[in-house]
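Asks: Give me coordinates for this.
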Amino acid sequence: MRFIGRLQPLVQDGLLAAGMAVLLSVIMLSTPDAGALDFAGVLAGSLALVAWRRAPLVALVASAACMLAVAAHLQPGPAVAYPVMVAVFAAVWAGHQLVAAVASLVFLGTGFAVNLPGAEGAGQNFQSTSLLVGWFVAAGVAATVTRHRQAYLEEAEQRAAEAERTREEAALRRAGEERLRIARELHDSLTHSISIIKVQAGVAVHLAHRRGEDVPPALLAIQEASSDAMRELRATLEVLRDHDRSEDEPAASGLDRLDDLVERARSTGLPVTVTVSGTPRTLPAEVDRAAYRIVQEALTNVSRHAGGAPAEVVIDYREKDLVVRIDDQGKADPDAPPVPGTGLLGMRERVTALGGRLRAEPRPESGFTVRAELPLGGSA
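Replies: Take a look at the predicted model:
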């Protein structure tokens, strides 16, 4: 496509030169005493216009010299100046106004001296030369206007591009500032509270050990959950504060920590079984995080709303997607589906952002099911 784009102007210039050569050749056929050298001069002067974009000065000198030689020999009329006018336009458009003016004066002055228009009588000769002067001036003015218009359009495009770049930079700056603000709010509102929970749980565990008492499983679960929450909160804050972090670096938990998550759920008295089918493999970071969060939120809901009923987690590695399913044996009623809370809405948002599908509803045989299909894209 680039080659065709570069070739198109050359084809247009070739057609212009060919059309000019045909026009002047027809005029030459009706001119008495036109010989082979005259036709050769007309063809050379016309074909020089092929270079009017790439080498305007070469085109101007070549066309002016050839046409002036033909005019001095045959005096075919004003048409012999057409290629020169086109070359003058090209030279002015390229910014060579002085050279174009000098070439025009030389061509017109020499043509006037040798009776370029081919008219009999000095008055008619002057009138025809004056007409040619007007045409040359018009060509120069048209080239100047075209050049200024092109410069204006280029400047307008540059301004538009600069404005777009400035808007993008401003949007990125505002997004960065908002990320930092959220990071500060999360740090100030959550870190302190979670730290206190972790410290208090650790103190309680320590005192129980000193007294020789059995540590309640719930207390151990609180201690572990608070440690895990602190780790994930720090990871989240790092993501918010470091926008350029590599995608290959895990920002939060993934399925590699699924066993820890399940063990923590079991420690609270929730019976959980895990089934993995397919061939486990490295997942895209976004899919890995989303799968973990879906399991985490689903188990939390089972613990809160299903009265600790047994739950089953199924991870199915497929060729093009990852299926995550969590079923519980609670008492959810298909005729009275629960109102989606923040957790279910968050799960749906995660799945939708990845182009997947989520089904979260009561099961016909009682209980609740969460089933997410997460596309793997090109990363398998």
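Asks: need the next SSE after the helix or strand where Thr129 lies, C-terminal direction.
Replies: In this assignment (DSSP states H and E), Thr129 forms part of helix 122-186. On the C-terminal side of helix 122-186, the nearest following helix or strand under DSSP H and E is helix 192-211.
Asks: Mind checking what helix or strand follows that next one in sequence?
Replies: Sequence-wise, the next helix or strand downstream of helix 192-211 (DSSP H and E) is helix 217-241.
Asks: Which positions in that next one come out as buried?
Replies: Of the residues in helix 217-241, those buried by neighbour count under the rule 16 or more other CB atoms under 10 Å are 219-226, 228-230, 232-233, 235-237, 240. C-betas here are computed from N, CA, C, even on glycine.
Asks: now do stretch 327-336
Replies: By 16+ other CB under 10 Å, the buried positions in stretch 327-336 come out as Asp327, Asp328, Gln329, Gly330, Ala332.
Asks: Mind picking the lowest-pLDDT entry from those?
Replies: Here the lowest pLDDT out of these sits on Ala332, with 77.
Asks: Hmm, Pro364 and it touching each other?
Replies: No: the pair Ala332 and Pro364 fails to qualify as a contact (CB atoms under 8 Å) at a distance of 10.5 Å.
Asks: Mind listing the shared neighbours of those two?
Replies: Counting by CB atoms under 8 Å, 6 or more residues apart in numbering, Ala332 and Pro364 have no shared contacts at all.
Asks: check contacts around Ala225.
Replies: Under the criterion of CB under 8 Å, 6+ apart, the contact list for Ala225 reads Arg264.
Asks: what's the answer for Pro56, then?
Replies: Residues in contact with Pro56, defined by CB under 8 Å, 6+ apart, are Ala87, Ala90, Ala91, Trp93, Ala94, His96.
Asks: Which one (most neighbours) among those?
Replies: With neighbours defined as other CB atoms under 10 Å, the most crowded of the contacts of Pro56 is Ala87; it has 30 neighbours.
Asks: Which of the helices or strands spans it?
Replies: Counting by DSSP H and E, the element that carries Ala87 is helix 82-93.
Asks: Mind checking the pLDDT average for that helix?
Replies: Predicted confidence along helix 82-93 averages 89 (mean pLDDT).
Asks: How about residues contacting it?
Replies: 16, 20, 23-24, 45-46, 48-49, 52-53, 56-57, 59-60, 63-64, 66-67, 97, 99-100, 103-104, 107, 135-136, 139-140, 142-144, 146-147.
Asks: Repeat that for stretch 99-106.
Replies: Counting by CB under 8 Å, 6+ apart, residues outside stretch 99-106 touching it are Leu57, Leu60, Val61, Ala64, Val84, Ala87, Val88, Ala91, Val92, Phe136, Gly140.
Asks: The last one and Leu98 touch, don't they?
Replies: It refers to Gly140. No: between Gly140 and Leu98 there is no contact under CB under 8 Å: 11.3 Å.
Asks: hang on, the earlier thing: how about whichever helix or strand comes after the helix holding Ala87 as CSV, C-alpha atoms only?
Replies: Moving toward the C-terminus from helix 82-93, the first helix or strand encountered (DSSP H and E) is helix 97-113. Included here for helix 97-113 are C-alpha records, laid out as CSV according to Å, rounded to 0.1, in the frame of the first residue of the first chain:
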residue,chain,number,x,y,z
GLN,A,97,9.7,32.6,-5.9
LEU,A,98,12.8,34.5,-7.0
VAL,A,99,14.0,31.8,-9.4
ALA,A,100,10.5,31.6,-10.8
ALA,A,101,10.3,35.4,-11.3
VAL,A,102,13.6,35.5,-13.0
ALA,A,103,12.8,32.6,-15.3
SER,A,104,9.4,34.2,-16.2
LEU,A,105,11.1,37.5,-17.0
VAL,A,106,13.7,35.8,-19.2
PHE,A,107,11.1,33.7,-21.0
LEU,A,108,8.7,36.6,-21.6
GLY,A,109,11.4,39.1,-22.5
THR,A,110,13.1,36.8,-24.9
GLY,A,111,9.8,35.8,-26.4
PHE,A,112,8.7,39.4,-26.9
ALA,A,113,12.0,40.2,-28.5
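Asks: residues of helix 97-113 that come out buried?
Replies: For helix 97-113, burial by neighbour count (16+ other CB under 10 Å) applies to Gln97, Val99, Ala100, Ala101, Ala103, Ser104, Phe107, Leu108, Gly111, Phe112.
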